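Asks: I would like to see how this sequence folds:
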Amino acid sequence: MNLSWKTITEIARELRNNPTPSEKHLWKYLRKRQFNGYKFLRQKPFIYEVRNGRKYFFIADFYCAELRLVIELDGKIHDIHKEYDFQRDLVLKGLGLKVLRIRNEELRDLDKVLERIREFIHI
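Replies: Purely as a prediction, here's the structure:
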């Protein structure tokens with residue numbers, strides 16, 4: 001995407017104000033340092049390139065600066081966007097971030113998801 005920072009911030013705010021059911025569910029366990037004392041943000045924008053005055057960015061579902069960890073929740077739409085997601089993950093990893101993708105269906109067993117995040121952190 002290519003927009004001004006103010007617009008990027010507005011988009012992120014709109015996404016925070018209208019979370020998916022899966023985002024809402026996981027956020028209950030990540031917010032307010034409830035997950036191992038780590039601070040997570042929702043809908044965090046990352047500008048990965050500025051070219052000719054244009055900012056190119058992604059907005060991560062969840063981000064922990066201390067861990068440099070991005071958590072992405074993948075719904076059905078991601079089944080047809082695999083190549084886009086792959087490229088996006090490469091860009092985020094190029095920024096020095098770790099990316100963990102969790103399918104929405106996995107959230108049915110939240111304990112397992114939280115354990116998966118803990119294991120990923122210690123890699």
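
Asks: pLDDT value on Lys76, please?
Replies: Note for Lys76: predicted pLDDT of 74.

Asks: Excluding residues flanking it in the chain, which one is nearest it?
Replies: For Lys76, ignoring the flanking residues on the chain, the nearest one in space by C-beta to C-beta, 6 or more residues apart in numbering is Asn104 at 7.8 Å. To be clear about C-beta, it is placed using only N, CA and C from the backbone, and glycine gets the same treatment.

Asks: what's near enough to touch that neighbour?
Replies: Thr20, Ser22, Leu73, Asp74, Gly75, Lys76 (C-beta atoms under 8 Å, 6 or more residues apart in numbering).

Asks: Narrow these to just the buried residues.
Replies: Buried by 16 or more other C-beta atoms under 10 Å: Ser22, Leu73, Asp74, out of the contacts of Asn104.

Asks: with these in mind, which one is nearest to Leu110?
Replies: Ser22 (10.6 Å; C-beta to C-beta).

Asks: Hmm, Arg68 and Gly96 touching each other?
Replies: Yes: applying C-beta atoms under 8 Å, one finds Gly96 in contact with Arg68, separated by 6.0 Å.

Asks: higher neighbour count, those two?
Replies: A count of neighbours by other C-beta atoms under 10 Å puts Arg68 above the other of Gly96 and Arg68, at 12 against 7.

Asks: Model confidence score at that one, please.
Replies: On pLDDT, Arg68 comes in at 98.

Asks: State the distance from it to Leu92.
Replies: Distance, Arg68 to Leu92, by C-beta to C-beta, to the nearest Å: 10 Å.

Asks: Which stretches in this protein count as helices?
Replies: 5-17, 21-30, 82-94, 110-121 (DSSP state H).

Asks: Identify whichever of these lies nearest to Arg42.
Replies: Per C-beta to C-beta, nearest to Arg42 of the helices of the chain: helix 5-17, 5.2 Å.
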